[in-house]
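Engineer: Give me a model of this one.
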Amino acid sequence: MNRISLSACTLCLISTSAFANIEWKVVDPFRLIDYSGASSRFEIPYQETAYDFVTSRLSSRDEKNLPPINKSRLNNPEKNYFFPTHQIVSAKLVTPPAGDCTWQYQTLITTINCAETLTFQALTQFGEGNTTLRVKALSSNYSDDTPVVVRDRLILGLGDSFASGEGNPDIPAKTSESGLIFMAENNKEIYSTGRWMKYTDLWLQKNARWFDRQCHRSMLSQHVLAGLRLANLNEKESVTLLPLACSGAEVLDGVLLPQKNPPGGGAYVNDSQINLAVKSLCRTGKLTVETQTFYRGYTGSGEMKKVQGKIYKCQGELRAPDAILLSIGGNDVGFAPSIAWATIPSDGRHFFGTRAVNITNNIIDPICPKETGQKICKKNQPVGIDRIKYWLPKYYKYLSQQLSNVGLSKNQNNIYLTAYPNPIYIEDGHTLCGKDRSADIVEQARSRIPLIMRPAAWEMQITQSEIGDIKKGLIDPLFQQMKSAAQNHNWNFIDGHVEIIKSHGICADYARKDYYTDKHGKRHAIPLYPHIRKGAWYPAGPWEEWAYDPNRIRWFRNTNDSVLFQNDESDSVMNGAFHPDYRAHAVMADQIYDSVSKAWVTQLPMAIK
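Structural biologist: Residues are numbered from 1 along each chain as shown. Reported below is the predicted structural model:
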């Protein structure tokens, strides 16, 4: 028997929906999570926003409300995850007659009270067979029937840390209160600064956990939260999500070519994101390999160099996504190295300090967002704004070509590129963050500098001038280049969240408020990073901190947050700094939902709740 014709079945649904006495809906529409045996349901009800969902669910410290990472079907993916032939649905009669009714669907024949709800395995568009659900009352002449076929939607998530959920582990690290109190009493010098966070053996009780550790993928990411909302858009549809975004990814180091040194360990991710997608979505499993040539820019050279990569193509049926969610470009143009450039002082206070700064610059390779006249800008050329102008358009073109080439996107209108949220303002959404607030934000960068280099004397802070250079050389031109790329390649550009989030930047409501006077009569502001002061923790005991506190004004992680909440004793514990928190991801997810849902409703005029 031929596979179900979705278009024909849609016409049946539309023509009979006004008269049918049978109502039916999908039971578990978000297929990433296996709810069997689950103690709670991690789902966003219809008409609830992702923002309301995460803030209400995670406001308490109840770990039962955290994402059910052990219930992810991608822990041990099976082929039928991507090509489901059946989906559990429930059906009931709107006006049930008295007595018992016999229900029939394919080989299922069962008799229950007419007022009860029937639960059964219904066909999807990948199944085969008769799709008619029939019901007949035993005590009367009543009978009815309706076609039942579930449309499964596919969402593919590609990109970098702003899509993977970096900074927001599914299960945050747990701090040992007794361990901290004991060690504070015996190591007062360490605990009087933020340097204590480096000694995880003294305070880390449980490591942070992710549903995919190597790439720091979280169920609190914009892509997963958007999938959760879209799963309840139409009660007769389900959503299959393939989230492949990986922290640290670039177009030519992660998306189109295998990624080196992912944050969770390993020399490489086992394949590029586009190849992983093709392998997963090729129904026959038969692949051919094409060698593609790209030109990639490297730090320290104005010349783009040729690189080659293996691109898979499916021989047979490739399942094309209904939506491809994309966040990429920031790493390609040096977002993190630009933050490093701003954080590291231009020189030391003495010969040895300047030498230490130079050594640090050689190790980290900071990138100037724009030309400032510093030697480091010339050494690590091109600057960020030139990378955006000359590199990024080529990378986006490569990405567009290959998504079309492998069959994941024919006309590109199923691609949704999300703009990066802006972290540089204080709570008014207009004033740039400066050194008065940034010193505490980057404190853990200081703690990673060896003591022999005298980091206490370093001015680890970001000035308003440096933030202004990042705005002019990186943030503003990157936004415009992404918007232009979306227009050029027929992608959907999502940016409504940028205005919402800008008053919740990394410095928002993060100013020192308490002061003390030293023995010389000089007044000092007390740092905000967690430390021991006069025998007590200031501003609060680290064990009292909650990764998903809804009361913080800022929606971005600083270096202290990152080390404290996403610590898994790997070298990547500070990767989460300057990344959006769970609320910012939820706001981005809501914007994605608004855009994708409009397209889906237009494509298929089925009955929406």
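
Engineer: burial of N80, as a residue count?
Structural biologist: Other residues lying near N80 total 11 when counted by other Cβ atoms under 10 Å. Any C-beta I mention is one placed from the backbone N, CA and C, and that applies to glycine too.

Engineer: The one 3 residues further on now?
Structural biologist: The number of residues packed near F83 is 20, by other Cβ under 10 Å.

Engineer: now swap in L325 and tell me
Structural biologist: Number of residues near L325 (other Cβ under 10 Å) recorded here: 32.

Engineer: Please apply the same query to S438.
Structural biologist: Residues near S438, counting by other Cβ under 10 Å, number 23.

Engineer: how long is stretch 533-548 end to end?
Structural biologist: In stretch 533-548, first residue to last residue: 26 Å (Cα to Cα, to the nearest Å).

Engineer: So which bits of that stretch are buried?
Structural biologist: By 16 or more other Cβ atoms under 10 Å, the buried positions in stretch 533-548 come out as 537-539, 542-543, 545, 547-548.

Engineer: Closest to K435 out of the residues you listed?
Structural biologist: K435 lies nearest to P539 out of the buried residues of stretch 533-548, by Cβ to Cβ, at 19.7 Å.

Engineer: is it true that that closest one touches L528?
Structural biologist: Yes: using Cβ atoms under 8 Å, P539 makes contact with L528 at a distance of 5.9 Å.

Engineer: before we move on, which element is D52 in?
Structural biologist: According to DSSP states H and E, D52 maps onto helix 50-58.

Engineer: which residues are contacting the helix or strand following that helix?
Structural biologist: For helix 50-58, the succeeding helix or strand toward the C-terminus, using DSSP H and E, is helix 79-82. If you take Cβ atoms under 8 Å, 6 or more residues apart in numbering as the criterion, helix 79-82 is touched by 31, 73-74, 154, 240, 242, 280-281, 283, 285, 319.

Engineer: before we move on, what about stretch 504-523?
Structural biologist: For stretch 504-523, the external contacting residues (Cβ under 8 Å, 6+ apart) are 422-427, 429, 433-434, 436-438, 440-441, 524-528, 538, 552-558, 578, 583-584.

Engineer: So how do I select the buried members of the residues you listed in ChimeraX?
Structural biologist: The ChimeraX command for the buried members of those (criterion: 16+ other Cβ under 10 Å) is given here:
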select :422,423,424,425,426,427,433,434,436,437,438,440,441,527,528,538,552,554,555,556,557,558,578,583,584
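
Engineer: Which parts of the stretch 301-450 of the chain are strands?
Structural biologist: Ranges of strands within the stretch 301-450 of the chain are 305-314, 323-327, 415-418, based on DSSP state E, counting those that start in this stretch.

Engineer: Determine which stretch of those is the most buried.
Structural biologist: Sort the strands of the stretch 301-450 of the chain by mean neighbour count, taking mean count of other Cβ atoms under 10 Å, and strand 323-327 sits at the top with a mean of 27.

Engineer: Look up how far H524 lies from T517.
Structural biologist: Here T517 is placed at a distance of 8 Å from H524 (Cβ to Cβ, to the nearest Å).

Engineer: D469 now?
Structural biologist: 29 Å.

Engineer: now do A547
Structural biologist: According to Cβ to Cβ, A547 and H524 sit 30 Å apart.

Engineer: same deal with R296?
Structural biologist: R296 is 48 Å from H524, by Cβ to Cβ.
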